[in-house]
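Q: What would the 3D arrangement of this be:
(chains A and B)
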Amino acid sequence: MAVVRAVKGGQRLHAVDRAAQALGLAPGLPLADARARVPGLAVVPHDPAADEALLVRLAEDCDRATPMVALDPPDGLALDITGCAHLWGGEARLRARLMARIARLGVEARASVAGTPDAARALARFGGPAIVAPGEEAAAVRPLPIAALGPDDATRAALIRAGLKRVGDLSDRPTAPLTARFGTDLATRLRRVTGAEDARITPRRAVPDCAAEQAFADPIGRMEDVEASLALLLARVGHALERAGRGGRVFEAAFFRADGAVRRIRVGTGRPQRDPAVVGGLFRERLGALADPRDPGFGFDLIRLSVPVAEPLVPAQGLLDGGAAGTEAVADLLDRLTARFGRDRVLRFVPANTHDPVRASRTVPVLGTTPLSWPAPEPGEPPRRPLTVFAPPQPIEAMAEVPDGPPLRFRWRRVLHEIARAEGPERIAPEWWREAGPARDYYRVEDREGRRFWVFRVDPPDEAGPDAPRPAFPRWFLHGLFA
Amino acid sequence: MTAPPYAELVAASDFSFLRGASHPQDLVLTALLLGHAGLGIADRNTVAGVVRAHAALRDLREDGLPPPERVREGSGPGEVVCVESAPDLPLSNDDLKRRAALFRFAPGARLVFADGTPDVAAYPSDREAWGRLCRILTAGNLRGTKGTCVLTLDDLLARAAGLLLVVLPPRRTDGLAPVLTRIAEAAPGSVWLGAAMHRRGDDRRRLARLLSLAEGAGVPLLATNDVLYADPADRALQDVMTCIREHVPIDRAGRLLEANAERHLKAPAEMARLFRDAPAALAQARALLDRIDFSLDQLRYEYPEEPVPPGRTARDWLAEVTGRHARMRYPQGVPPKVEAQIAQELALIARLGYEPYFLTILDIVRFANDRGILCQGRGSAANSAVCYVLGITAVDPAEHDLLFARFLSEERREPPDIDVDFEHERREEVIQHIYARYGRDRAGIIATVIRYRPRSAMREVGKALGLSEDITARLASSQWGSWGREIRDRHIAETGLDPANPLIRRALDLARRLMGHPRHLSQHVGGFILTRGRLDELVPVGPAAMEGRTFVEWDKDDIDALGLLKVDVLALGMLTAIRRALDLLRRHGLDDRGMHEIPPGDAAVYAMLRRADSLGVFQVESRAQMNMLPRLRPKAFYDLVIQVAIVRPGPIQGDMVHPYLRRRQGLETVDYPSPAPEHGPADELRQVLAKTLGVPLFQEQAMRLAMVAARFTDAEANGLRKAMATFRNVGTIGHFERIMVDRMVARGYDPAFAARCFGQIKGFGSYGFPESHAASFAKLVYVSSWIKCHHPGVFACALLNSQPMGFYAPAQIVRDAAEHGVEVRGVDVNRSDWDCTLEPRGDGGLALRLGLRQVDGMPEAAARALVAARGAGFARIEDMAGRGRVPLPALRRLADADAFRSLGLDRRAASWALRRLSDGAPLPLFAVAGARDLPPEADAPLPAMALGEHVAADYQTVRLSLKAHPMAILRPVFARERVATCREASDRLPDGRWVAAAGVVLVRQRPGNGNAIFVTIEDETGIANVILWARVFERFRRQVLAARLMLVEGRVQRSPEGVTHLLAVRVHDRSAELDRLSGDPLRIDPSPADEVRRPPTPRGAAGHPRDVRVLPPSRDFH
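A: Sure thing, here's the model as predicted:
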């Protein structure tokens, strides 16, 4: 298997697995060449965001070892374990524990422990001992390729050309000629990698967490107590959000039961919120889920409320006459309905870009989408599409001129409609890449009572041979009603 | 049922790029079959498609057969294939001809404006109006950026006279009335308002509104269907084209697509029914057609007059010039045979009125001669004695039997086709001369229609159908080259995709349908059109991508169909090399002769060719040709003509090679079957086939065979010629097969022989050379062989300086020269010029000094600056940056290329020293001083560079090494494995012996039907030619395609003539050994973060062997 990445001039392999490597494929190879060699190669597109997410995930996992974790993208982590190792029984055990955890996640990793981050990085990436005793760095990095210094491509190439291929080759030489050719940067890198100079890592900044929690000496069980505690937490979080000028889009309450079980309830809002009453109302819709018929009665000993997603919220000045209340009321209603029935069950229609009337609209969840404007009828033209559409279209019996005249009269639900006026046909062919089938001829018709309908005719397919029994007549359907 | 007559007047062909979905020919044929009275083709701001429709109609009138479309491929003569469309004909051929005779075709253009004016279809009513239409489009082309045409209503109104205009209302009709009135006033009585019924729901209401609008403006309403394709089934293709044009996948295209399939050519009865509310609109189509008194035939023969001096007629001037040149060509007197042929040719030329054409070509050739630019005519023009004496071609009619009719005949409609090759480096001078002499308003480059090929069609359709990039790339990559004409299921299956999967199926199907449709126009490599009057009144002109060039909208076939003057100014690398070689010979006092004065019949030259010692020689240097040389054993010039012609797909697929070789070697009797005595002379075939021992090898022999043995008339022979060019048109060729076999049998030939003859003609197809063309090329084969034979150093030097050209990389050219005793010296800052040069050796001989051009990435300007600055030579490295003003990066490249040896520095020391110099501009103080003095520094010595490392670096920077062959360094490794050298495998071991050989891969080829793959490997002893059967290849596909250093196990296969192959059974990729050269174990590093080990540049099987790199260009360098 290989991961491919689109670069200028085509797709190239970005990474390969062991099997592909064994077949001689390597990163950088154009996909076409790789395919020519290994026709059955399975490929997936490169997803840098997912890679980064994985790296962050690993970093979080390493947080347990030390708070000083830095990312070394795209595929490295630097941990400052100064003063932490003894908690784990020494550097070797700490390294082994971390490696085991990472291996369990299905990730292959290499790690080295050294006195400076640069030395550790070089050893880990370019193959050195797992743990270097203090002061031994210079000796440990000697056999590494000069790429371990992290020089730019031009410098590295020049050094290799000069026959200086290992770190040791450089550290043996006088510094002045090197500096004259490659600047002070190379000398600095050399000192850091050999452990002669130290540099601190910049730990990954913790995500600013807006959270509040309340512990109870005696577990609480009654719903009123839960609600009261929640309201308290909401108020605290609300204050925090207000100070930050933000509002939450998602709130999560975690209820830690005394027996160790954790129940989580998540609510989302259509716009940033921090009003305890509103958010509390949303939670109330869902608190019923906490009730467990098999509840042994342990109760909760900790409730934590956090805000995973927050957005800026500028305090709005309420209108004196309450004019804005209408839309807000609808928005609040939508929040409540969504909270009760679920995001995927409170929907709105949006128009789709297609000729096919069956597909002309689709539904999306109300929350998280903005309404799109529907195509307006051309000025001076009657509306081309009815307000009400039947799905599926209703069969009708109709009389019409052949081959493509509008119906003269039709019967729908046992009522006969005499057509007074009609326009059409509007021929809409099926979207051939989805389905085969005959085209539909649509007519807008008005009966003598002034009722307007949208009907269509489907002609029998004519691919049937002369011998095949053919339905003699076209079929008619009522697809919609104009107002 | 009689329907009122109707003609569709607003039809877009596929030359409305990515809008129309039918070929113009198909539109004509469909309209004809539907019973239309005529057809107007109006493409979007272009007339690029109308000639095809015009020619198609002409063919229908004359032959009645549906015209297969011929597509020109490559630049060789006869390299034509055909895109097939064979509709079922409900009519008899004669009915079709009768209908075609009455059918009217109106060429026009649909003007699409940039200022919001509705589209207008414009049809010229006479020749002058055609000129005006062309000028409108030209103005728009010149205003737009490449490929777009920017028009305003004023452009039309200024030149509306004589144009018949159909205004096509947009969807919204408000605001139309004033525009319509304005156009109607500008072209009174010549404006129509077009109305279409596309079943959009409000058709009848809209028709009524248009009717009243038309009445208000006083113009008639014209019924049309605003056609985008011939048949409703083309809707899917048209939708896909829309997606390609708009760069959206089809499921998001939505309303960009048409709602239904109504925009096809409809039967007159159906149109009458749709327009029952406005029957008068139907009749207007006929009225418009009747006003047109213009046909594209009126554009014929517009030749320039310049080459004729004032007061003379073209006729007597050509006669006089020809006579004068003939006496110069034959100082001992013109042979009577030639004299007679000249007279006969002049008479025919006079009858057809082609004198200005010949004089124009002469004019161009003379310019080249005056400038010392080598040139030589190719193709069928070499059949003409007039062309020979005028110096246009090089094949002497006194020595060869030439078939003038092949070049020019009254029967064929096409004008003569003279293609002239010029030195590729100096062709631009010729082109600029043509512009200067005839003016930009009368000379233009013709277009090439870029069409969808399997790969591009597959890629675009995949994108349009929303297939993932991966799948699309796989589908597209399932072709070996981009020149295939078919998308085969087998190839799809090879990529691991299922051709039966409905999605894949649909993509394949649509890609097949998209194939052959034009994508855009590009400029032809060297075809010029020259006119007497303004070019832009003949055909619209547009700016070409290259500065200072303009090109017209018609391609070669269009120009041919209209009988316009065209001259192909082609580029040939070998001519450059020959001129450079002749210059070198002169400069070094070795020889002082022109190309045509090289002594013929030199036995040493033929002996060299018989040894297949032909690397670098024109035409006969490829693997296949080198294999043929020892078999054919050329002894005389005509053998070279055959050699050039025989290694072609035509003779090979027609299975003519082996019969010819057997006869030549006397293994098979040469016999000529005879007709029954009462039907003609017994030796009638001997006359046709004697010079090729009874086996037809040239195109014209196939034709002569049909004319002599089966008594084909000129017209029939012409039909056969066309059918041959499109031999996959089974119906057509079958028709001729019956005629030929029946007549030959009737004349007393053995039926089996007759069938075999036709089989040969059929197999020949279009992939053979005409004799004249082969003879022209053979001239260059001889000249280049003569130079190589007698002056190998000069030859190699000229070849290297003419790169890129030919089949081989500089490394092989240099190696070949060294094997011929030439001393080759490396690139050096104190010795090398930009070009490779010859420098005197101590012993009075000449050594080949590689030029700075051989260094990869060396800019020519920097090299020339270096040469200009060095004076007596550089003594120290600091001198160069100061005195030479040579940019430091260029010096670094030279250091990497080990070009500082004359300063006593190897590449490592030179690079290290150069590093110390700063990249910035020289400090003023230093600039004044002219040199930089850096203080001496105390530095430790650098590690010494091993030979292998040097060789690897040589290959990476110069692509060759004079120090050693990489295999020589690796030999101990392979010797331990008992791997034979290439020389042992090729020369020493007996037939059938099992052997393992290894070498760097020079060439990978999969010719023709793909049953065998040829690989050439090279080691320090020579090359070995490896053959892999397809089965073996499939097993070792990865190794074969990836290996830069290949180990092959197999059997030696030796032919009686001494041609040896290594028949591979197993293949190993040993490229990793190359990394050992640098002696650097660190290169084998497991870390995926380390980018040092980036693999080689892409080099698929289709790459040119010349560009093959033994070692990757490496990120180590720059």
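
Q: Spatially, and excluding backbone neighbours, which residue is closest to residue A:289.
A: residue A:265 (6.5 Å; Cβ to Cβ, 6 or more residues apart in numbering or on different chains). Bear in mind the C-beta positions are built from the backbone N, C-alpha and C, glycine included.

Q: Show me what the helix or strand hosting the one you found is in contact with.
A: Taking DSSP states H and E as the definition, residue A:265 sits inside strand A:262-273. When contacts are defined by Cβ atoms under 8 Å, 6 or more residues apart in numbering or on different chains, strand A:262-273 is touched by residues A:246-257, A:278-279, A:282-283, A:285-287, A:289-290, A:310-313, A:331, A:334-335, A:338-339, A:343, A:366-368.

Q: beta partners for the residue of the stretch 201-350 of chain A at minimum distance from chain B?
A: At 13.1 Å from chain B, residue A:350 is the closest residue in the stretch 201-350 of chain A, using Cβ to the nearest Cβ. Legend: beta-bridge partners of residue A:350 under DSSP bridges are residue A:362.

Q: tell me, how many neighbours does it end up with?
A: Neighbours of residue A:350 under the rule other Cβ atoms under 10 Å in any protein chain shown: 15.

Q: Kindly report the same for residue B:628.
A: Neighbour tally, residue B:628, other Cβ under 10 Å: 22.

Q: doesn't it fall inside a strand?
A: No - assigned with DSSP: H, G, I helix; E, B strand; the rest coil, residue B:628 falls outside any strand and is helix.

Q: and the stretch 151-300 of chain B, which of its residues are near chain A?
A: For the stretch 151-300 of chain B, the residues in contact with chain A (Cβ under 8 Å from any Cβ of the partner chain) are B:172, B:174, B:199-202, B:204-205, B:235-236, B:239, B:250-255, B:257, B:259-262.

Q: Quick one, which of these are buried?
A: Of the members of those, the ones counted as buried by neighbours, 16 or more other Cβ atoms under 10 Å in any protein chain shown, are B:199-202, B:235-236, B:239, B:250, B:253-254, B:257, B:259-262.

Q: between the residues you listed, which is nearest residue B:656?
A: Checking those against residue B:656 by Cβ to Cβ gives residue B:236 as the nearest, at 44.0 Å.

Q: The closest one: which element?
A: For residue B:236, the element it lies in under DSSP H and E is helix B:235-246.

Q: other SSEs contacting that helix?
A: Counting contacts by 3 or more Cβ pairs under 8 Å, 6 or more residues apart in numbering or on different chains; DSSP states H and E, helix B:235-246 is packed against helix B:250-253, helix B:454-464, helix B:502-514.

Q: Which neighbouring elements make contact with the longest one?
A: The contact analysis (3+ Cβ pairs under 8 Å, 6+ apart) places helix B:502-514 against helix B:235-246, helix B:454-464, helix B:469-476, helix B:489-494.

Q: make it 7 Å
A: Applying 3 or more Cβ pairs under 7 Å, 6 or more residues apart in numbering or on different chains; DSSP states H and E, we find helix B:502-514 packed against helix B:235-246, helix B:454-464.

Q: what's the angle between the last one and helix B:235-246?
A: When you say that, I think you mean helix B:454-464. Following axes from the mean of the first three to the mean of the last three Cα atoms, to 10 degrees, one obtains 90 degrees for the angle between helix B:454-464 and helix B:235-246.

Q: Could you give the average pLDDT over helix B:454-464?
A: Averaged over helix B:454-464, pLDDT sits at 88.

Q: go on, the first one?
A: Here helix B:235-246 scores 95 as its mean pLDDT.

Q: which outside residues touch that helix?
A: Outside of helix B:235-246, the residues within contact range by Cβ atoms under 7 Å, 6 or more residues apart in numbering or on different chains are A:432, B:18-19, B:21, B:228-229, B:249-250, B:253, B:256-257, B:261, B:460-461, B:464, B:510, B:513-514.

Q: same deal with stretch A:276-296?
A: Contacts for stretch A:276-296 (Cβ under 7 Å, 6+ apart): A:223, A:226-227, A:230-231, A:234-235, A:238, A:251, A:253, A:255, A:263, A:265, A:267, A:273, A:332, A:335-336, A:339-340.

Q: now do stretch B:974-994
A: In contact with stretch B:974-994 (Cβ under 7 Å, 6+ apart) are residues B:995-999, B:1017-1019, B:1021-1024, B:1047, B:1051-1054, B:1060, B:1062.

Q: how far is that stretch from where the chain is centred?
A: Centre-to-centre, stretch B:974-994 and its host chain are 41 Å apart (Cα atoms, centre = their mean, to the nearest Å).

Q: For that stretch, list every residue counted as buried.
A: For stretch B:974-994, by 16+ other Cβ under 10 Å, it's B:974, B:979-986, B:989.

Q: Save these as a markdown table, and put in pLDDT and distance to residue B:754 too.
A: Formatted as a markdown table, these follow (pLDDT from 0 to 100; distance: Cβ to Cβ, whole Å):
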| residue | pLDDT | distance to residue B:754 |
| --- | --- | --- |
| B:974 | 92 | 57 |
| B:979 | 92 | 54 |
| B:980 | 92 | 51 |
| B:981 | 92 | 53 |
| B:982 | 90 | 48 |
| B:983 | 89 | 50 |
| B:984 | 88 | 50 |
| B:985 | 87 | 46 |
| B:986 | 83 | 44 |
| B:989 | 85 | 47 |
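
Q: what's the closest of those residues to residue B:63?
A: Using Cβ to Cβ, residue B:986 is the member of the buried residues of stretch B:974-994 that lies nearest residue B:63, at 54.1 Å.

Q: Next, the closest one: secondary structure please.
A: Classification of residue B:986 using three-state DSSP returns helix.

Q: can you pull out the strands in the stretch 51-200 of chain A?
A: Here the stretch 51-200 of chain A has its strands, by DSSP state E, counting those that start in this stretch, at A:69-72, A:76-79.

Q: I'd like those laid out as CSV, including mean pLDDT.
A: Output for the strands of the stretch 51-200 of chain A, formatted as CSV (pLDDT from 0 to 100):
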stretch, mean pLDDT
strand A:69-72, 84
strand A:76-79, 88
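
Q: Which of the ones you listed has the highest mean neighbour count?
A: Neighbour counts (mean count of other Cβ atoms under 10 Å in any protein chain shown) averaged over each of the strands of the stretch 51-200 of chain A peak at strand A:76-79, with a mean of 21.

Q: can that one be found next to chain B?
A: No - taking Cβ under 7 Å from any Cβ of the partner chain as the criterion, strand A:76-79 and chain B are apart, separated by no less than 8.2 Å.

Q: got the contact list for that strand?
A: So strand A:76-79 is contacted by A:58-59, A:62, A:65-66, A:68-72, A:117, A:121, A:201 (Cβ under 7 Å, 6+ apart).

Q: Give me the residue ranges of chain A where confidence is low.
A: Scanning chain A for pLDDT under 70 picks out A:8-10, A:63-65, A:67, A:203-209, A:259-262, A:291-297, A:314-327, A:368-371, A:462-472.

Q: List the buried residues in the helix or strand containing residue A:50.
A: Here residue A:50, judged by DSSP H and E, is contained in helix A:48-62. Buried residues in helix A:48-62, defined by neighbour count with 16+ other Cβ under 10 Å: A:51, A:55-56, A:58-59, A:61-62.

Q: Can you give the contact residues for stretch B:166-186?
A: If you take Cβ under 7 Å, 6+ apart as the criterion, stretch B:166-186 is touched by A:378, B:9-10, B:117-121, B:157, B:160, B:165, B:191-194, B:209-210, B:213, B:216-219, B:222, B:226.

Q: Stretch B:99-110 too?
A: Stretch B:99-110 is contacted by residues B:7, B:9, B:12, B:28, B:32, B:37-47, B:50, B:53-54, B:57, B:60-61, B:119, B:121-124, B:133, B:137, B:289, B:292, B:296 when judged by Cβ under 7 Å, 6+ apart.
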